[in-house]
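Asks: kindly return the folded structure for what I paste below:
(one chain, ligands or ions: 1)
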Amino acid sequence: MRIAVIGTGYVGLVSGACFSEFGVTTVCVDKDASKIERLNRGEIPIFEPGLDDLVAKNAKAGRLSFTTDLAAAVKGVDAVFIAVGTPSRRGDGHADLSYVYAAAQEVALALDPDRYTVIVTKSTVPVGTGREVARIIGETRSGLDFDVCSNPEFLREGAAIADFMRPDRVVIGAESDRARAVMKALYRPLYLIETPIVMTSLETSELIKYAANTFLATKITFINEVADLCEKVGANVHDVAKGIGLDGRIGRKFLHAGAGYGGSCFPKDTLALARTAADVGSPLRIVETVIDINDKRKKSMAGRIVAAANGTVEGKRIGILGVTFKPNTDDMRDAPSLDIIPELQRLGATVQAYDPAGMQEAEHLLPGVVWCADAYAAIQDTDVLAIITEWNEFRALDLDRVRRSMKAPVLVDLRNIYNPDDMSAAGFTYTSIGRPARR
Ligand code: UDX
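Replies: Okay, the predicted model is just below:
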């Protein structure tokens, strides 16, 4: 089998590398020549554990290559995956599909008319996009032999390769036997490990992706609100999450209370689904509320740090551990730190911070921050220390050293990575999310 993957962002690059690992000859295409040059040198433009080895191995075996030449890349392939970006459109929150449609047009002009080809939308695209892609291809060039499929990707940043290779399920929107056969052949290794495959229509497949992300964002937002309630009534959200999550109907995952969800998917996809639903006259009010609560939550987190600093951070030095939206990524998109840090600075604090992977990305987004070489440098001489991202290396800090380096041992743990009793025993004034504070 041969495929072309258009777009070498997270989804495109990971999918391309993983399909090549499945034995499919894969060409990844991107307009950005410098990115393609870097990939051809074996440099990976994103931070994703294990991806460098996977790319190197398959490139060496001749199954994976990178080019800017879309027309050459789609010659003789069985399928073309469109994995370009679908950012939120400024102003109305709808997904911006201009890159998807432009790619569809270019593909149509380059396809071999004598060869049946499946065009697959891999990017997260609103309901109706697949059908529009088919219309654009048919209109751009008549006589092509093709079908359009929807095959949304559910991978998480930081666990992308495992998520692709051993997914809970694969969702495929395909409406002809020929298209289904091509998709089945591409995913053969997953059939062999008995991964559930959901075959459905284009619209259903497109909606599954949005409904999945929105449901998870709702689950997180629910537990975040329960955490606030726990603080008021003296309950412990960790135990509440465990107690409800053990009910198989609820499930334990995505019940970790924190600073609010961020990243490249949840904020954008919840907004796009809410807009689509409102536009067709079937509003998803629960989703509209989730979006509103999460935005406010991220903004309110600075207030917790101010409260821990006895009501004012003016002239104080605040240490921050972790700025990326979650661990194991350098991604800063919609990270809670982008709301928290500027607010602390506005209130007169000096912020010094450390992140294992995100500082380069964060530098231009968070001006005025003193960037530190390691966690202990970010802790030195601070009045309050706040953990915003739960990187593993922050879970095992030398607490004696932390306490001695700080002006006052005040820790705000927005990810609940420490135990309140342990922190109290170690001499800290400790606040976390949805659990009793300790002095
Ligand atoms: C998500 C989906 O999980 C994935 O299926 C989809 O393809 C893309 O979007 P990702 O954005 O990489 O993946 O990260 P994820 O691990 O899902 O976390 C998203 C956000 O939710 C992060 O900000 C994280 O901190 C937050 N989160 C997650 C919580 O606050 N609590 C949780 O229990 C889980």
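Asks: for the rest of this, base every contact and every neighbour count on C-alpha atoms.
Replies: Will do.
Asks: just the pLDDT at the residue lying closest to Gly158 once chain neighbours are set aside, thanks.
Replies: Closest residue in space to Gly158, ignoring its immediate chain neighbours: Asn328 at 4.9 Å, by Cα to Cα, 6 or more residues apart in numbering. Per-residue pLDDT puts Asn328 at 93.
Asks: got a list of what Asn328 touches?
Replies: 47-49, 157-158, 357, 391 (Cα atoms under 8 Å, 6 or more residues apart in numbering).
Asks: could you pick out the residues of this protein near the ligand for me?
Replies: 153-157, 213, 220, 254-258, 260-266, 325-326 (Cα under 6 Å from any ligand atom).
Asks: same thing but 5 Å
Replies: 154-157, 254-256, 258, 261-263, 265, 325-326 (Cα under 5 Å from any ligand atom).
Asks: and the helices in the stretch 301-439 of the chain?
Replies: 337-346, 359-363, 375-379, 399-405, 420-425 (DSSP state H, counting those that start in this stretch).
Asks: show me what the longest one is in contact with.
Replies: Where contact means Cα under 8 Å, 6+ apart, the residues beyond helix 337-346 that reach it are 298-302, 306, 313, 323-325, 350-351, 365-366, 388.
Asks: thinking again about what came up before, please pick the buried ones from the residues of the chain next to the ligand.
Replies: 154-155, 157, 254-256, 258, 261-263, 265, 325-326 (16 or more other Cα atoms under 10 Å).
Asks: which of the residues you listed fall in strands?
Replies: If you go by DSSP state E, these have nothing in strands.
Asks: lowest-confidence entry in these?
Replies: Glu157 (90).
Asks: run a quick neighbour tally on the closest residue to that one other than its chain neighbours.
Replies: Spatially, and ignoring its direct neighbours in sequence, Glu157 is nearest to Thr329 (6.5 Å; Cα to Cα, 6+ apart). Thr329: 20 surrounding residues under other Cα atoms under 10 Å.
Asks: what separation is there between Thr329 and Ala426?
Replies: Using Cα to Cα, to the nearest Å, we find Thr329 at a distance of 30 Å from Ala426.
Asks: just Gly262 next, same as before
Replies: Separation of Gly262 from Ala426 (Cα to Cα): 31 Å.
Asks: please apply the same query to Asp163.
Replies: Asp163 is 38 Å from Ala426, by Cα to Cα.
Asks: likewise for Leu54?
Replies: 43 Å.
Asks: ok so, going back, quick check on the contacts of helix 337-346: which are buried?
Replies: Buried among the contacts of helix 337-346 by 16+ other Cα under 10 Å: 298-302, 306, 313, 323-325, 350-351, 366, 388.
Asks: that older thread, tabulate the buried ones among the residues of the chain next to the ligand (a markdown table), appending distance to Gly138.
Replies: Output for those, formatted as a markdown table (distance: Cα to Cα, whole Å):
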| residue | distance to Gly138 |
| --- | --- |
| Phe154 | 29 |
| Leu155 | 31 |
| Glu157 | 35 |
| Phe254 | 42 |
| Leu255 | 45 |
| His256 | 46 |
| Gly258 | 47 |
| Tyr261 | 40 |
| Gly262 | 38 |
| Gly263 | 35 |
| Cys265 | 30 |
| Phe325 | 40 |
| Lys326 | 42 |
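Asks: and which of those residues is nearest to Ser34?
Replies: Of all those, Ser34 sits closest to Glu157, with 22.8 Å by Cα to Cα.
Asks: pretty sure Leu273 is in a helix, no?
Replies: Yes: assigned with DSSP: H, G, I helix; E, B strand; the rest coil, Leu273 falls within a helix.
Asks: what count of nearby residues applies to the spatially closest residue to it that is not a sequence neighbour?
Replies: Spatial nearest neighbour of Leu273, chain neighbours left out: Tyr210 (6.4 Å); criterion: Cα to Cα, 6+ apart. By other Cα under 10 Å, the residues close to Tyr210 number 25.
Asks: next: Ser176.
Replies: The local packing of Ser176 (other Cα under 10 Å) involves 12 other residues.
Asks: can you name the next helix or strand after the lengthiest helix in the chain?
Replies: Ranked by residue count and defined by DSSP state H, the top helix of the chain is helix 202-233. With elements assigned by DSSP states H and E, the helix or strand that comes after helix 202-233 is helix 237-245.
Asks: closest to Leu399 out of the buried ones among the residues of the chain next to the ligand?
Replies: Taking Cα to Cα as the measure, Leu399 sits nearest to Gly258 out of those, at 21.8 Å.
Asks: ok, back up a step: give the contact list for the residue nearest to Leu273.
Replies: 124, 126, 269-270, 273.
Asks: now with 10 Å, please.
Replies: 124-127, 152, 216, 265-266, 268-274 (Cα atoms under 10 Å, 6 or more residues apart in numbering).
Asks: and the protein, what are its domains?
Replies: Following automatic domain parsing, one finds the domains of the chain at 2-200, 201-439.
Asks: my read is that Phe22 contacts Arg166, right?
Replies: No: using Cα atoms under 10 Å, Phe22 makes no contact with Arg166, being 11.9 Å away.
Asks: so what sits against both of those two?
Replies: Joint contacts of Phe22 and Arg166 (Cα under 10 Å, 6+ apart) are 189-190.
Asks: thinking again about what came up before, out of the buried ones among the contacts of helix 337-346, what pair is the most spread apart?
Replies: Val313 and Phe325 (23.5 Å).
Asks: wait, isn't Phe325 in contact with Ala357?
Replies: No: using Cα under 10 Å as the test, Phe325 is too far from Ala357 to be in contact (11.3 Å).
Asks: so what sits against both of these two?
Replies: With Cα under 10 Å, 6+ apart, Phe325 and Ala357 have common neighbours Asp331.
Asks: and the residue lying closest to Lys35 once chain neighbours are set aside, what element?
Replies: The shortest distance from Lys35 to any non-neighbouring residue, by Cα to Cα, 6+ apart, is to Pro45 (7.0 Å). In the assignment (DSSP H and E), Pro45 maps to no helix and no strand.
Asks: same question, Ser15
Replies: Using DSSP H and E, Ser15 falls in helix 10-21.
Asks: that helix - contacts with which helices or strands?
Replies: strand 2-6, strand 25-29, helix 51-60, strand 64-67, strand 79-82, helix 160-165 (3 or more Cα pairs under 10 Å, 6 or more residues apart in numbering; DSSP states H and E).
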